[in-house]
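Q: Structure of the sequence below:
(one chain, ligands or ions: 1)
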Amino acid sequence: MASSEEDGTVEEKENNNKKRTKSALITAWLTFYNIAMTAGWLVLAITMMRFYIQKGTHKGLYRSIARTLKFFQTFALVEVGHCAVGIVRTSVIVTGVQVCSRIYMVWFITSSIRQIQNEESVILFLVVWTVTEITRYSYYTFNLLHHLPYFIKWARYNFFIVLYPLGVVGELLTIYAALPFVRRSGMYSMRLPNKYNVSFDYYYFLIIVMLSYIPLFPQLYLHMLRQRRRVLHGEVIVEKDD
Ligand SMILES: CCCCCCCCCCCCC/C=C/C(=O)SCCNC(=O)CCNC(=O)[C@H](O)C(C)(C)COP(=O)(O)OP(=O)(O)OC[C@H]1O[C@@H](n2cnc3c(N)ncnc32)[C@H](O)[C@@H]1OP(=O)(O)O
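A: Residues are numbered from 1 along each chain as shown. As a prediction, this is how the structure comes out:
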């Protein structure tokens with residue numbers, strides 16, 4: 001009897017130790033990840049500012065940051081993994097839509113179509129993303145370190161009110177600017193007849209992507225407004241399971 005009680009206690013202690021080690025490893029990984037991402041977006045911000053100050057124009061700016069942008073934006077896929085394995089309390093769907101739409105914007109629109117890289121709309125979404133991400137990742141970092149300055153918390157849950165719609169405007173105008181080039185070049189499209197007997201028109205796909213903002217954006221925006229009420233005003237929000 002005594003020995004089984006002792007076993008129970010030893011087992012409990014071992015389980016608690018394992019849980020503590022796991023939680024410390026997760027915190028260490030998330031802290032590293034968030035610091036790396038804050039640094040990445042800070043590098044992008046500084047590179048963009050330096051480019052503009054030195055050249056006095058936004059033309060050529062996208063090309064100068066394309067590699068770094070592709071790297072850090074694509075690396076954000078890790079975040080979908082964080083949600084999927086449950087190490088952060090965020091919906092896989094919300095994060096997935098957010099991250100994938102950005103990666104799509106970078107790889108399959110802006111980087112693929114050189115003719116649109118100097119559009120003002122590209123600069124608009126780049127500036128908006130950069131401010132958002134520096135704020136968001138520094139919020140997560142300070143939060144994990146239990147030293148969160150109030151202005152970062154405030155910025156994380158207020159900036160998006162203006163930045164989110166501005167980012168969407170920048171993205172939509174960029175896709176719109178891409179349409180004529182996509183139509184003319186027939187890029188990423190498959191015309192019949194072909195050996196797979198499949199037809200795909202990237203031009204119409206882009207129009208569908210633009211239309212998909214109509215149902216998706218309000219949901220993401222409302223999600224952020226609910227997060228804002230929860231974090232800044234302490235409201236208890238019961239969300240549907242995504
Ligand atoms: C084929 C392609 C098709 C494409 C189709 C396109 C349609 C797309 C339409 C929509 C378009 C959107 C485009 C995006 C544009 C922009 O980004 S514009 C820029 C402005 N944007 C914003 O300001 C919003 C940014 N988005 C978000 O913040 C997202 O909603 C989010 C990234 C998914 C985060 O939301 P959420 O996690 O729910 O909120 P949080 O409050 O931040 O986190 C909840 C809890 O989880 C913890 N946490 C999350 N991540 C981390 C982390 N990395 N490290 C540590 N902790 C993390 C966080 O601390 C919270 O914890 P608690 O406080 O304990 O609850």
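Q: Close to the ligand: what parts of the protein are there?
A: When proximity is defined by CB under 6 Å from any ligand atom, the chain lies next to the ligand at 30, 34, 79, 88-90, 94-95, 97-98, 100-101, 104, 128-129, 132, 136, 140, 143-144, 160, 163-164, 167-168, 171, 209, 212-213, 216-217, 220, 223-224, 227. (C-beta placed from N, C-alpha, C; glycine too.)
Q: If any of the residues you listed are buried, put those into a PyMOL selection.
A: Under the burial definition 16 or more other CB atoms under 10 Å, those of those that qualify are selected in PyMOL by:
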select buried, resi 30+34+79+90+94+95+97+98+101+128+129+132+136+140+143+144+160+163+164+167+168+171+209+217+220+223+224+227
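Q: mind listing which of the residues of the chain next to the ligand are in helices?
A: 30, 34, 79, 94-95, 97-98, 100-101, 104, 128-129, 132, 136, 140, 143-144, 160, 163-164, 167-168, 171, 209, 212-213, 216-217, 220, 223-224, 227 (DSSP state H).
Q: in the protein, which ranges drop under the pLDDT threshold?
A: 1-8, 237-242 (pLDDT under 70).
Q: same thing but 80
A: 1-8, 235-242 (pLDDT under 80).
Q: Which residues are in contact with the most centrally placed residue in the chain?
A: Taking CA atoms, centre = their mean, the centroid of the chain lies closest to Val99, which sits 4.0 Å from it. Residues in contact with Val99 (CB atoms under 8 Å, 6 or more residues apart in numbering) are 76-77, 79-80.
Q: Can you name the residue of the protein nearest the ligand?
A: Closest residue of the chain to the ligand, CB to the nearest ligand atom: Gly167 (2.3 Å).
Q: which ones are touching that residue?
A: 124-125, 128-129, 132.
Q: Could you do Glu119 as well?
A: 173-174, 177.
Q: for Thr141, same thing?
A: Taking CB under 8 Å, 6+ apart, we find Thr141 in contact with 31, 34-35, 38.
Q: Same question for Val182.
A: 113, 188-189, 202-203, 206.
Q: Output those in JSON lines, with neighbour count and secondary structure appended to each entry.
A: Putting the contacts of Val182 into JSON lines (neighbours: other CB atoms under 10 Å; DSSP: H, G, I helix; E, B strand; the rest coil) gives the following:
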{"residue": "Ile113", "neighbour count": "19", "secondary structure": "coil"}
{"residue": "Tyr188", "neighbour count": "14", "secondary structure": "coil"}
{"residue": "Ser189", "neighbour count": "15", "secondary structure": "coil"}
{"residue": "Tyr202", "neighbour count": "20", "secondary structure": "helix"}
{"residue": "Tyr203", "neighbour count": "18", "secondary structure": "helix"}
{"residue": "Leu206", "neighbour count": "19", "secondary structure": "helix"}
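Q: biggest separation within the residues you listed, which pair?
A: Ile113 and Ser189 (13.3 Å; CB to CB).
Q: residues in contact with the nearest residue to Leu148 once chain neighbours are set aside?
A: Spatially, and ignoring its direct neighbours in sequence, Leu148 is nearest to Phe142 (4.3 Å; CB to CB, 6 or more residues apart in numbering). Phe142 makes contact with 148-149, 152, according to CB under 8 Å, 6+ apart.
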